[in-house]
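A.B. asks: pasting the sequence and the predicted model now:
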Amino acid sequence: MGIVLKFEKREVSSWVSALAPYASIPIAFLVMAIALYLTGYDPLLGFTSFFHGAFLSQLGLVTSLARSTAFLLMAVGIGLALNAGVLNIGGEGQYIIGAIVATAIVITTQDFLPPLVSLILALTGSLVAGALWALVAGVLKAYMGVNEVITTIMMNILAFRLLQWVLRGPLKNPLSEAWPMSPPLKPHLLELVPGTTFNIGFLLALLVAILTQFILYKTTIGYKIRITGANVDAALYGGINVKNIVILAFMYSGALCGLAGAVDILGVFHFLYEGISIGLGYTSVVVALVGRSVPVLIIPASLMFGCIYNGFTHLQSALGVSYTLSKAIEGVIYLVILVIHLSTEYRVKVLVR
Amino acid sequence: MISQDMVSSIINLAILMSTPIAIASVGETFAQRSGVVNLGVEGIMLIGAFLAFHFVNVTGNMALSYLVVAFVGCLMGLLHAFLTVTLRVNQTISGMGVYFLGFGLSDYLYKAIYGLKYVPIPKATPTPIPGLSSIPVIGYGLFTQLPSVYILYVLLPVSWFILEKTKYGLYTKAVGENPRVADSLGVNVSLYRYINVIIGGALAALAGSALCLDITGLFYENLTMGMGFIAVGLVAFGKWSPIRAFVGSLVFGFTWSISSTLQTYFQRVGLSSYIYLLLMLPYLAVVIALVLMSRRARGPASLGQPYFREWL
């Protein structure tokens, strides 16, 4: 006697599997409304300010697009790593390292190099730094079998401490004693809408997403990455160097996360401070999952999360709640997506016998 | 320059700082021995820490708060078990979901109730064990401790006994090594995985309350700072034995203790910006320890893999 769940794999059209994760959003909003109501806030006011800030006002929409740039870059990177079967939770740390390196390069070169050269150096530097920071976790995973989630989280904490130190040491702004920050950066990324933070980094991110799509689905190396993620034994049997693929996937992922940090510093913040990343790396994992780890599907997912993120900042200031509400809601979206993945890919039968 | 008192207090702080990690690590050992990785430990610890804080603040009753915390930890464990054992969701990914949920929810609730201010709660006081606490050098460190440390001292031998000397432990290990064989011998694989993941959840939540009640006396955002993830990592470091996982947590505890003793020295000589580099040391030590030990570690054979009875 007992209840048994029976799983049968089924074929679903690619449209269904691409759109199904979005069903988690209304569920998450419902949970949020209940949470707000139970803790004594007005859900209606919350949603009004959320949607106004997210895309119903022109400034809101543009800011949301600017926010989605980092999500797009990081989620595409994390998505590629997921294709190879590894979870890069270290986006947060790689983003911070990219931001630190970009700031350091611009500060040392801005006085004697043309702005464009300085910017290109900074973007390249952040790319390399992010890749190297992720390399640690990649090598430990591939050669020592250390769980990549543990090492990347440790690397995130180390990156944050490093950020705290550079802001009080080498990159300190001598004019700001109370509030640790770097000196302002003079060269900026070109603004697509003048007077806003929406910058050319967005186009760069789109380009990177399309390039990654090409790498994953049209090249040998992409094929090897996907085989490694789908079935390690098959990959080994087919003569693929799985260790190198894992390390490569980590470095590619880290490079994009580092680049995201640089794009945000050079295009959005214009100086370095402690609060540059509050959980962006973790949110990007959710973005990658909504986009089913396919770069072109991650483009709409990151646009949506840019809106959600920006909407939340408006909701928080309108209601006076903590930003961590958005983290809890992301947790809900994430868990619901897992169940959706399962129910679209398998036919679940409940047998009572 | 280094006095005996200083050594005693370094040992004392090291043991205390190791305790939350060690408790969570024992719980995770149970879960992993049955074949389930729970990466949500950090989130469950945060929920446990918040609830312990809230209950002590409202009722002033520490014993009651431990009970409530353990119960909610069970529920969080149940969530992970349902997703991974019944729905067969990828364990890594489900664990991260539990983490996000715990991280966001604990801080959201704190700020919804207490706002942006830090609210101190009365901290537990150290209780010396008569006789043992007067052993030179180590006596003060080991036996003039807070309640959670004594809980750990009981938990370690008990969990070792359960895993190594009882039928329950044997079945748990069988389910983690080869669920199909265990199933054919009549062991209920799902039930054993559920129970062990729930034990893991309860201990993770208790670990969070130990951190909040015995160490910080405060709750703030991301109180655990990666301790839950360290606890998961130490299970492999300890080769799936609770006692060895405790030894691993001492690596963190001692580096923490020594670097926080150095902090006051750094401040005195005017190197205060370097404190942040000093704070990196415990985490670096853990990464290095994991590298040195994980090479030879071999976990339960079916760790991380769902069991489908109908797929033969």
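C.D. replies: Okay, I see it.
A.B. asks: quick one: whichever residue of chain B sits closest to chain A from residue B:50, how far?
C.D. replies: Nearest residue of chain B to chain A: residue B:104, at 2.9 Å (Cβ to the nearest Cβ). (Glycine included, C-beta is placed from N, CA and C.) Distance of residue B:104 to residue B:50, computed by Cβ to Cβ, to the nearest Å: 11 Å.
A.B. asks: again with residue A:216
C.D. replies: For residue A:216, the distance to residue B:50 - Cβ to Cβ - is 41 Å.
A.B. asks: centroid-nearest residue for chain A?
C.D. replies: Nearest to the mean C-alpha position of chain A, counting by Cα atoms, centre = their mean, stands residue A:284 at 2.5 Å.
A.B. asks: which non-adjacent residue is nearest that one?
C.D. replies: residue A:74 (3.7 Å; Cβ to Cβ, 6 or more residues apart in numbering or on different chains).
A.B. asks: got the confidence number for the one you found?
C.D. replies: At residue A:74, the pLDDT value in this model is 94.
A.B. asks: next, count neighbours for it.
C.D. replies: 34 (other Cβ atoms under 10 Å in any protein chain shown).
A.B. asks: is it part of a helix or strand, or is it coil?
C.D. replies: helix (DSSP: H, G, I helix; E, B strand; the rest coil).
A.B. asks: you'd agree it is up against residue A:277?
C.D. replies: No - the criterion here is Cβ atoms under 8 Å, and residue A:74 misses it with residue A:277 at 10.0 Å.
A.B. asks: mutual contacts of these two, please.
C.D. replies: Common contact partners of residue A:74 and residue A:277 (Cβ atoms under 8 Å, 6 or more residues apart in numbering or on different chains): residue A:95.
A.B. asks: returning to what we had before: now for the residue nearest to residue A:284: which residues touch it?
C.D. replies: Contacts of residue A:74 (Cβ under 8 Å, 6+ apart): A:91, A:95, A:256-257, A:260, A:280-281, A:284, A:287.
A.B. asks: let's have the residues you listed in CSV, adding secondary structure and pLDDT.
C.D. replies: As requested, these are exported to CSV (DSSP: H, G, I helix; E, B strand; the rest coil; pLDDT from 0 to 100):
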residue, secondary structure, pLDDT
A:91, helix, 91
A:95, helix, 95
A:256, helix, 95
A:257, helix, 95
A:260, helix, 94
A:280, helix, 86
A:281, helix, 86
A:284, helix, 90
A:287, helix, 87
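A.B. asks: quickly check these for the two that are furthest apart.
C.D. replies: Farthest-apart pair in those is A:95 and A:287; separation 13.3 Å (Cβ to Cβ).
A.B. asks: not counting sequence-adjacent ones, nearest residue to residue 92?
C.D. replies: By default, I'm working from chain A. Sequence neighbours aside, residue A:281 is the residue nearest to residue A:92 in space, at 3.0 Å (criterion: Cβ to Cβ, 6+ apart).
A.B. asks: try again with chain B
C.D. replies: Here the residue nearest residue B:92, using Cβ to Cβ, 6+ apart, is residue A:87, at 5.5 Å.
A.B. asks: list the contacts of that neighbour.
C.D. replies: Going by Cβ under 8 Å, 6+ apart, residue A:87 touches A:78, A:81, A:148-149, A:285, B:92-93, B:96.
A.B. asks: what does residue A:172 give?
C.D. replies: Here residue A:172 is in contact with A:166, A:180, A:182, B:273 (criterion: Cβ under 8 Å, 6+ apart).
A.B. asks: which pair of those spans the longest distance?
C.D. replies: Top of the distance list for these (Cβ to Cβ): A:182 and B:273, 13.6 Å.
A.B. asks: compare these two (neighbour count), which wins?
C.D. replies: Comparing residue A:182 with residue B:273 by neighbour count (other Cβ under 10 Å), the higher total belongs to residue A:182, at 24 against 17.
A.B. asks: tell me where the stretch 51-200 of chain A has strands.
C.D. replies: In the stretch 51-200 of chain A, no strands are defined using DSSP state E, counting those that start in this stretch.
A.B. asks: residue A:101 and residue A:262 touch, don't they?
C.D. replies: Yes - at 7.4 Å, residue A:101 and residue A:262 qualify as touching, with contact defined as Cβ under 8 Å.
A.B. asks: overlap in contacts, these two.
C.D. replies: With Cβ under 8 Å, 6+ apart as the test, residue A:101 and residue A:262 both reach A:122, A:125-126.
A.B. asks: out of those residues, who's the most crowded?
C.D. replies: residue A:126 (31 neighbours).
A.B. asks: mind listing what's buried in stretch A:174-192?
C.D. replies: Within stretch A:174-192, the residues that count as buried by 16 or more other Cβ atoms under 10 Å in any protein chain shown are A:180-183, A:185, A:187-189, A:192.
A.B. asks: how about it, does it reach chain B?
C.D. replies: No - Stretch A:174-192 does not reach chain B (Cβ under 8 Å from any Cβ of the partner chain); its nearest approach is 9.2 Å.
A.B. asks: how far away from the center of its chain is that stretch?
C.D. replies: 23 Å (Cα atoms, centre = their mean, to the nearest Å).
A.B. asks: where does pLDDT dip in the stretch 201-312 of chain B?
C.D. replies: Residues of the stretch 201-312 of chain B meeting the criterion pLDDT under 70: B:295-297, B:310-312.
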